[in-house]
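**Student:** using only what follows, build the 3D model:
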Amino acid sequence: MAIKNVIFDVGNVLVAFRYKNYIRDLGGSEEVVRIIDEEVVKGGIWNYLDEGKLPKEEVFDMIKKYLPGNEAIVDKIFDMKNIKDIIYQYDYTEKLMEQVKAAGLNIYILSNYPDWMWDFHDKEVFTFPKYADGIVVSGKVKMIKPHHDIYQYILDTYSLNPDQCLFFDDREDNVQGACEMGIHGHIFTSYEECCHIIGI
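**Tutor:** Below is the predicted model of the structure:
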């Protein structure tokens, strides 16, 4: 069956999630960077922010427990005056959106992203959402990849046939979750390979 829809993850696909250098820019030590990387991002604490079921302040307090004596850096990391700089949009992103549209394909966004952070970045940084035919943000729907319910949600919400969808994500577990739902999932490695897979 022909592909009609391309579904994109956001972090490390359409924008760079540069949390390590962001923490360094705010004055965080290498030990703080290591703990946030290992315990918060890779260890799963960040998932609570993405899922949006707990108040964000409660998650911030959980993070602070891993960083005794460094609580102030956590406040800086999540200060709305700074949070714009935790990501940046890739130079190729708009070009990729335009190429997909020019090929006659629909674009959907499926991202694990805190709802409040999404709203801010959408207003201050992102230019790609205007190309999307539909957007599902984990923090808004209170579901998270790679659980099957969020893939089912985007399929149901936009009446998509999974066999007509290509999905790109930088994480293997998220791609696997999509494939288990019948979506054609691919690990995103580069703009060039993505274009090759789509055929644009």
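
**Student:** against Met62, how distant is the residue of the chain most remote from its centre?
**Tutor:** No residue in the chain sits farther from the centre than Gly69, which is 29.9 Å out by Cα atoms, centre = their mean. Distance from Gly69 to Met62, counting by Cβ to Cβ, to the nearest Å: 16 Å. Just so you know, the C-beta spots here come from the backbone N, C-alpha and C atoms, and that holds for glycine as well.

**Student:** again, but for Lys140
**Tutor:** Lys140 is 21 Å from Met62, where distance means Cβ to Cβ.

**Student:** same question for Tyr108.
**Tutor:** 32 Å.

**Student:** how about the secondary structure of the residue farthest from the centre of the chain?
**Tutor:** State at Gly69, reduced to three classes by DSSP: H, G, I helix; E, B strand; the rest coil: coil.

**Student:** look up phi and psi at the residue nearest to Tyr191 when sequence neighbours are not counted.
**Tutor:** Spatially, and ignoring its direct neighbours in sequence, Tyr191 is nearest to Tyr92 (4.3 Å; Cβ to Cβ, 6 or more residues apart in numbering). Note on Tyr92: its backbone torsions stand at phi -80, psi -10 [degrees, to the nearest 10].

**Student:** and Tyr92, what pLDDT?
**Tutor:** Note for Tyr92: predicted pLDDT of 98.

**Student:** and for it, the neighbour number?
**Tutor:** Number of residues near Tyr92 (other Cβ atoms under 10 Å) recorded here: 15.

**Student:** the residue farthest from the centre of the chain and Glu31: what is the separation?
**Tutor:** In this view, Gly69 and Glu31 are 10 Å apart by Cβ to Cβ.

**Student:** neighbour count for Tyr108 and Met62, which is higher?
**Tutor:** Tyr108 (20 against 16).

**Student:** please enumerate the helices of the chain.
**Tutor:** According to DSSP state H, the chain carries its helices in the segments 19-25, 30-35, 45-51, 56-65, 71-77, 93-102, 115-124, 138-141, 148-157, 172-180, 191-198.

**Student:** what's Phe188 sitting at in phi/psi?
**Tutor:** According to degrees, to the nearest 10, Phe188 has phi -80, psi 120.

**Student:** which ones are touching it?
**Tutor:** Contact partners of Phe188, counting by Cβ atoms under 8 Å, 6 or more residues apart in numbering, are Asp9, Asn12, Val13, Phe168, Asp169, Asp170, Cys194.

**Student:** go again with 7 Å.
**Tutor:** Phe188 sits next to Asp9, Val13, Phe168, Asp169, Asp170, Cys194 when contact means Cβ atoms under 7 Å, 6 or more residues apart in numbering.

**Student:** test my guess that the fifth one contacts Asp9.
**Tutor:** Okay, so that is Asp170. Yes: counting by Cβ atoms under 7 Å, Asp170 touches Asp9, with 6.4 Å between them.
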